[in-house]
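# Have a look; sequence and predicted model below, questions after that.
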Amino acid sequence: SALGSKPCYLLLLWGQGCLWMTAGSKKKCSQQKGFCMFWRCPFGYKFVGLCSTFSHCCKIIWG
């Protein structure tokens, strides 16, 4: 859909890539040893996907 492509485009501009997760994404994030964080990942963590519209899946950079 056209609406789905806009956030993906913004993520590409931020250099994060476009790593959309499917339904049940909070569970998928946990399975990847990540956690969901509102808005953006804190220092020391990297963006690995989306849990919801404004919630990112974050994973520690080291380890």
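Looks like it came in fine. Since we're looking at a predicted model, the values are computed, not measured.
# all strands of this structure, in order?
Using DSSP state E, the strands of the chain run over 35-38, 45-50, 55-60.
# and of the ones you listed, who's closest to residue 26?
strand 35-38 (5.5 Å; C-beta to C-beta). For the C-beta atoms, the positions are set from N, CA and C on the backbone; glycine is no exception.
# Paired strands for the closest one, with orientation please.
strand 55-60 (antiparallel) (DSSP bridges).
# and the angle for the strand it pairs with with strand 45-50?
Here the directions of strand 55-60 and strand 45-50 differ by 140 degrees (axes from the mean of the first three to the mean of the last three C-alpha atoms, to 10 degrees).
# Just the CA trace of strand 55-60, in CSV.
This file holds the C-alpha atoms of strand 55-60, laid out as CSV (Å, rounded to 0.1, in the frame of the first residue of the first chain):
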residue,chain,number,x,y,z
SER,A,55,7.8,1.1,18.6
HIS,A,56,11.2,-0.1,17.4
CYS,A,57,12.8,-3.5,18.1
CYS,A,58,16.2,-2.8,19.5
LYS,A,59,19.1,-5.2,20.1
ILE,A,60,22.4,-4.6,21.9
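# can you tell me which residues contact residue 35?
Residue 35 makes contact with 29, 57, 58, 59, according to C-beta atoms under 8 Å, 6 or more residues apart in numbering.
# Number of residues surrounding residue 41?
Residue 41 has 19 neighbours, counted by other C-beta atoms under 10 Å.
# how about the nearest residue to it, chain neighbours excluded?
residue 58 (3.6 Å; C-beta to C-beta, 6 or more residues apart in numbering).
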